[in-house]
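1. Sequence first, predicted coordinates after that:
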Amino acid sequence: KGRKTAKHAVSDWMEIEKQRGISVTSSVLQFHYEGYCINILDTPGHQDFSEDTYRTLMAADSAVMVIDASKGVEAQTIKLFKVCVMRHIPIFTFINKLDREANDPFDLMDEIERVLGIKTCPINWPIGCGKNFKGVYDRNTNKITTFVAADAGMHEIESHELDVEGAEDQVGIIGYQKLLEDIELLDGACEEFDQDKVSNGEISPVFFGSALTNFGVETFLEHFLKMTTSPLPRHSSIGEISPFDDNFSAFVFKIQANMNKAHRDRIAFMRICSGKFEAGMEVNHVQGGRKIRLTQPQQMMASERTIVEEAYAGDIIGVFDPGIFSIGDTICSPKMGNMAFDGIPTFAPEHFARVRQMDTMKRKQFSKGISQIALEGAIQIFQEFNTGMEEIIVGVVGVLQFDVLKFRLENEYNVEIRLDPLPYEYIRWIEDWENVDVARINGTSDMKKIKDLKDRPLLLFANSWSPQMVLERNPGLKLSEFGTEH
């Protein structure tokens, strides 16, 4: 890429993210705008990291889907978007990169509706694209905001608001005629804005702009804040927990090691669901079965962090994790007893590889590194059914995670590994496994028995029809596609 655009996202802090120019892990940013406090969870858009995105969506109250105007809906967006639909959270669409050549906006809207199955309602509308991008028209105010760029299109230098009538000179005759036709078509054929449908995730409000030049972003933010809600209640073992409940409660949705390489630290990210958090407060760690003090609470801007003294429902905080937290854990005020929020399901990995370390003298670093990365939920570790840690099998949702594993072990733990791909694609957990003699399961030729780190037995298969055959050969055996919740 040219030097002008050699810029990685503010939230990309891992070395591999900066090198490849993609997000491989979710990160947290917080900022204040017009009296609101907004927590942004930037997630990887690439489908190979969808598990991290899925877990992060469990902590979000609404989602913003950013679509490239020249590419339309990409394959990875489909998988992630379905997660938003499952959770019925409001989905806002920002169609980006209008300052480059783009697809027809009507085609883009049609594609979103067809591929993702959600109705769209454009709040504003682009006038031209690429070198002819003149600005956007606001359907509500009936005004045009013009776009003028500088520095080879890298910055917006000025924008003016005009009435549609008499804007011919600013947007050009062709652009103006096209806009009038589009407005007529939009008013006749488009879904009408309905706040209730937006809140239930049935309609997605659509905005157009160019994030690189910051054009359209402020307009988007202002509308977003009007249309979205304050933090939502959460379901738990004792019913709905209101964000206005005075008692503090939170759940861990992400664990990240080595955000600060010098300190080799580990941070547990928590979404606060109710009450007020105060630094050093004593809380119940429900799954750990003990009371703990939350130390070194921090808020993040990628790898930069600030210590926080207090935080409220809807905020995301990171606390130092000495190795006691797992993804999905509930933390709450002692007054709430052993209340637990719903767990986070484990994604079934679809790619497997045997991991071998190149230097056997680094056994300790290897075990530590691979266990740490597994605890973050980026990979799942399995072992041969009858052996110990010598033979490790790694399962991932997307093959790019293998590259990240290799890179991080070398970069953070100074351990080189070799990955030998395995032919398996399907994994099944054995239900009620304590009462099953796994050694006597009558399997298929493409079946492999493995166990996870909690010694629970699992079966791997190369062919999609094999699990059903195994069930038929072993009456009473029950197999599950999803692991028990974190």
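-> Now that the structure is in, tell me what you want to look at. Being a predicted model, the structure only gives us computed values, none of them experimental. Residues are numbered from 1 along each chain as shown.
2. And the helices in the stretch 101-250 of the chain?
-> 105-116, 168-171, 173-189, 195-199, 217-227 (DSSP state H, counting those that start in this stretch).
3. Can you give me the buried ones in the helix or strand that contains residue 252?
-> Element membership for residue 252 (DSSP states H and E) is strand 249-257. Going by neighbour count (16 or more other C-beta atoms under 10 Å), the buried part of strand 249-257 is 249, 250, 251, 252, 253, 254, 255, 256, 257. Every C-beta, even on glycine, is put in place using the N, C-alpha and C of the backbone.
4. Quick one: mean pLDDT for that strand?
-> Strand 249-257 comes out with an average pLDDT of 83.
5. With stretch 200-208 instead?
-> Average pLDDT, stretch 200-208: 90.
6. next one: stretch 458-465
-> Stretch 458-465 carries an average pLDDT of 91.
7. start to end distance for that stretch?
-> Distance between the two ends of stretch 458-465: 17 Å, counting by C-alpha to C-alpha, to the nearest Å.
8. so what pLDDT did the spatially most central residue of the chain get?
-> Nearest residue to the geometric centre of the chain (C-alpha atoms, centre = their mean): residue 53, 2.2 Å. With respect to pLDDT, residue 53 scores 70.
9. these two touch, right, it and residue 84?
-> No - look at residue 53 against residue 84 with C-beta atoms under 8 Å: they stay out of range, at 9.9 Å.
10. quick revisit: quickly name whichever of the buried residues of strand 249-257 is closest to residue 344.
-> residue 253 (6.8 Å; C-beta to C-beta).
11. Against residue 477, how distant is the closest one?
-> 33 Å (C-beta to C-beta, to the nearest Å).
12. same check, this time on residue 234
-> 36 Å.
13. same check, this time on residue 359
-> 41 Å.
14. which of the two has more neighbours?
-> residue 477 (18 against 12; other C-beta atoms under 10 Å).
15. who's in contact with that one?
-> 430, 436, 441, 470, 471 (C-beta atoms under 8 Å, 6 or more residues apart in numbering).
16. Please report which of those has the highest neighbour count.
-> residue 430 (20 neighbours).
17. these two touch, right, that residue and residue 478?
-> Yes - contact criterion C-beta under 8 Å: residue 430 and residue 478 qualify, at 7.5 Å.
18. From the contacts of residue 477, which one has the minimum pLDDT?
-> Within the contacts of residue 477, lowest confidence goes to residue 436 (83).
19. Distance of that one relative to residue 481?
-> Distance from residue 436 to residue 481, by C-beta to C-beta: 17 Å.
20. ditto for residue 126
-> For residue 126, the distance to residue 481 - C-beta to C-beta - is 43 Å.
21. before we move on, what about residue 291?
-> Taking C-beta to C-beta, one finds residue 291 at 37 Å from residue 481.
22. again, but for residue 337
-> 33 Å.
23. Repeat that for residue 115.
-> For residue 115, the distance to residue 481 - C-beta to C-beta - is 24 Å.
24. Repeat that for residue 386.
-> From residue 386 to residue 481 the distance is 25 Å (C-beta to C-beta).
25. Same question for residue 161.
-> 53 Å.
26. And for residue 137?
-> 47 Å.
27. Show me which of these two is the more surrounded one.
-> A count of neighbours by other C-beta under 10 Å puts residue 137 above the other of residue 137 and residue 481, at 25 against 10.
28. Return the set of residues that bridge with the more buried one.
-> Taking DSSP bridges, one obtains residue 125, residue 144 as the residues bridged to residue 137.
29. need the contact list for it.
-> Counted by C-beta under 8 Å, 6+ apart, residue 137 has contacts 124, 125, 126, 127, 143, 144, 164, 179, 183.
30. of the residues you listed, buried ones?
-> 124, 125, 126, 127, 143, 144, 164, 179.
31. Check pLDDT for the residues you listed and point me to the minimum.
-> Within the buried ones among the contacts of residue 137, lowest confidence goes to residue 164 (66).
32. which of the residues in stretch 396-414 are buried?
-> For stretch 396-414, by 16+ other C-beta under 10 Å, it's 396-398, 400-409, 412-413.
33. same question but for stretch 75-92, I mixed them up
-> Buried residues in stretch 75-92 (16+ other C-beta under 10 Å): 76, 77, 80, 81, 83, 84, 89, 90, 91, 92.
34. got the contact list for residue 182?
-> By C-beta under 8 Å, 6+ apart, the residues touching residue 182 are 105, 106, 125.
35. Roughly how far does the last one sit from residue 207?
-> In this structure, residue 125 and residue 207 are 10 Å apart, going by C-beta to C-beta.
36. same deal with residue 248?
-> 36 Å.
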